[in-house]
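Q: Output the structure for:
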Amino acid sequence: MSATRRSVLAAAAAAALPIPALAQAGGLITKPIPSSGERLPVIGVGTARRYDAAPGEAERAPLRATLKRFHELGGRVIDTAPSYGQAELVVGELVSELKIRPGLFLATKVGADSKEAGRAQIEASFQKLRTDKIDLIAVHNLRDTANQLATLRELKQGGRIRYVGATTSVDSQYADFEAMMRRETLDVVQVDYALDNRGSADRILPLARDRGMAAWVNLPFGRGRLFQATQGRPLPDWAREIDCTTWAQVFLKYVVSHPAVTCAVPGMAQARYVDDNLGAARGRLPDAALRTRMEQFIDGL
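A: This next block holds a predicted model:
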């Protein structure tokens, strides 16, 4: 199937999905987790690579300022994983120092090849994050899915975690991920999706909506091409229609305006990026017609 044909079908599927009610919390747009109705701001913080930081103050200071600013502006979701090096440990230390744990939604993952290894990794996550309750743990990239989901459901039943999920970030896993979504009951799925990477909109995002699963988005800025293609270009006139003042806001508003998407988690390691990215959680979002114009614009670069 051609890329153009896929774009048309994905746009039609998105337009057919019911639009979730939007709300403002502290000035930020929120969307609900379908399984509970709990509302979260549509922009969170991703911690891959950037939070795998050395223990020195020079490395931690900008990260501390980032999380402080994020919390001040009403942000809640911080997404991490054991595979992100020291990220869990760094997040746990900074959140503890800032004393902001009660206002946050902490999400991490489990990526292990046996039930025993998974349990050990999860217990380490509790220790590193310095919390007795983790809001969401997701099976990372379909690794030993059945065993890990069984453990996560036990933890949810016991009140140690609040939500259960699964993640992928590569289209080579989409067929298996879709089959897993049809087979399992999950609160949250996480998948890659961006203005120049729309493959998950063909089936994964509509299926999440159909199955009552919140869809979180990793890699909402794609893998580098978006900023490269727009570097030095002025914003199009239509950016004003959705209250965007930067390209980052344009890219994020495209992602979070998809009816199935609950939250996007771009990496943020500087306070100035928090101000910029959370601008995408304010003001107007693009409708289906403008989303199509945005796709045509970026495809033409």
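
Q: For residue 165, give me the backbone phi and psi.
A: Backbone torsions of residue 165, given as degrees, to the nearest 10, read phi -150, psi -170.

Q: gap between it and residue 288?
A: Distance of residue 165 to residue 288, computed by Cβ to Cβ, to the nearest Å: 27 Å. For glycine as for every other residue, the C-beta is placed from the backbone atoms N, C-alpha and C.

Q: swap in residue 207?
A: Separation of residue 207 from residue 288 (Cβ to Cβ) stands at 19 Å.

Q: Next secondary structure element downstream of the one helix or strand residue 58 maps to?
A: Counting by DSSP states H and E, the element that carries residue 58 is helix 57-72. Sequence-wise, the next helix or strand downstream of helix 57-72 (DSSP H and E) is strand 77-79.

Q: which other helices and strands contact that next one?
A: strand 45-46, strand 105-110 (3 or more Cβ pairs under 8 Å, 6 or more residues apart in numbering; DSSP states H and E).

Q: what lines up beside it in the sheet?
A: strand 45-46 (parallel), strand 105-110 (parallel) (DSSP bridges).

Q: Take these and lay them out in a markdown table including mean neighbour count, distance to residue 158 and mean pLDDT.
A: Below are the strands paired with strand 77-79 laid out as a markdown table (neighbours: other Cβ atoms under 10 Å; distance: least, Cβ to Cβ, whole Å; pLDDT from 0 to 100):
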| stretch | mean neighbour count | distance to residue 158 | mean pLDDT |
| --- | --- | --- | --- |
| strand 45-46 | 28 | 27 | 98 |
| strand 105-110 | 26 | 16 | 98 |
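
Q: Need those in JSON lines (columns: distance to residue 250).
A: Shown next, in JSON lines, are the strands paired with strand 77-79 (distance: least, Cβ to Cβ, whole Å):
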{"stretch": "strand 45-46", "distance to residue 250": "18"}
{"stretch": "strand 105-110", "distance to residue 250": "25"}
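
Q: what ranges do the helices span in the stretch 1-150 of the chain?
A: Ranges of helices within the stretch 1-150 of the chain are 3-16, 57-72, 87-98, 115-129, 145-157, based on DSSP state H, counting those that start in this stretch.

Q: Correction: the previous question concerned the stretch 201-301 of the chain.
A: Under DSSP H, counting those that start in this stretch, the stretch 201-301 of the chain gives helices at 204-210, 225-230, 247-256, 271-278, 288-299.

Q: mind checking pLDDT for the nearest residue to residue 209 once chain neighbours are set aside?
A: Once flanking residues are discounted, residue 209 sits nearest to residue 260: 4.1 Å by Cβ to Cβ, 6 or more residues apart in numbering. At residue 260, the model reports a pLDDT of 98.

Q: Would you confirm that residue 260 contacts residue 211?
A: No. With contacts counted by Cβ atoms under 8 Å, residue 260 stays clear of residue 211, the gap being 10.1 Å.

Q: With neighbour numbers in mind, choose between these two.
A: residue 260 (27 against 15; other Cβ atoms under 10 Å).

Q: Could you check how far the more buried one is from residue 245?
A: In terms of Cβ to Cβ, residue 260 sits 26 Å off from residue 245.

Q: circling back: quick one: buried residues of the helix holding residue 58?
A: 60, 63-71 (16 or more other Cβ atoms under 10 Å).

Q: what's the spacing between residue 254 and residue 239?
A: Taking Cβ to Cβ, one finds residue 254 at 11 Å from residue 239.

Q: Hmm, I typed the wrong one, I wanted residue 232.
A: From residue 232 to residue 239 the distance is 15 Å (Cβ to Cβ).
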